[in-house]
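Peer 1: based on what follows, work out the 3D shape:
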Amino acid sequence: MTTPKLLKPPPPDRTKLAIIAVDPGPGCGIAAYHPYPGAEGYNFDTYTLELGDEGHSWLEATLVGLIENLRYFMRDDPATNSVLTTEGVVLICEKFEYRKDDVENRDRINYMAAEYVGVCKFVGQTHEDEVVSFVMQGASEAKGFWVNDKIHRLGLHGSTRHEMDALRHLLKFMTFNLNQDWLLHALKKEV
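Peer 2: Below is the predicted model:
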């Protein structure tokens, strides 16, 4: 697990959804966002799970724990003395894509990522009260805009390429699906 990061607080009209993004595979990357910074002031976090080929139940337990923590862990707002809750959790998972250029190496393709996508779908379906949306994204969707340099300029870092890929999926969804343009404004301020 890496140290969580905080961006400058976004404006009040930001989403009230918590978001989990997963880059599935034997070295699984996870990124999480909570709309209300915790006691340390952090609202982004990344994790790596070294699942190998037998990590199905570990991935399931990790996702369920994150969902419950992000959805039900109440954050106190010191400014208003009120308790803040999220409106739900969006679970994002990178699609398993077979690429034409992999034909020559077909015997070396690790299909465990496809199984771990199934675990993510299962968690999304069995936790419908908390998971308000399950989203599949292609690898190229996230890599198109959110390159490493831009992620680092926001002060966010993943300790592995899988964590970085999960962050890309999370930031892509926030920016282009939820229209959270405060992320783009934060990039402009850093230039």
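Peer 1: mind checking the SS state of the most centrally placed residue in the chain?
Peer 2: Taking CA atoms, centre = their mean, the centroid of the chain lies closest to residue 21, which sits 2.4 Å from it. Here residue 21 is strand, with the state taken from DSSP: H, G, I helix; E, B strand; the rest coil.
Peer 1: just checking, it touches residue 170?
Peer 2: Yes. Under the criterion of CB atoms under 8 Å, residue 21 makes contact with residue 170 at 3.8 Å. In this view, the C-beta of every residue, glycine as well, is placed from N, C-alpha and C.
Peer 1: quick check: neighbours shared by these two?
Peer 2: The contact sets of residue 21 and residue 170 overlap at 31, 32, 92 (CB atoms under 8 Å, 6 or more residues apart in numbering).
Peer 1: identify the bridge partners of the residue nearest to the centre of the chain.
Peer 2: residue 31, residue 92 (DSSP bridges).
Peer 1: for the protein, which helix is longest?
Peer 2: Longest helix in the chain by number of residues (criterion: DSSP state H): helix 56-72.
Peer 1: which helices and strands sit right next to that helix?
Peer 2: Applying 3 or more CB pairs under 8 Å, 6 or more residues apart in numbering; DSSP states H and E, one finds that helix 56-72 makes contact with strand 18-23, strand 27-33, strand 44-50, strand 89-94, helix 112-126.
Peer 1: between that helix and helix 112-126, how big is the angle?
Peer 2: Going by axes from the mean of the first three to the mean of the last three CA atoms, to 10 degrees, helix 56-72 is angled at 40 degrees with respect to helix 112-126.
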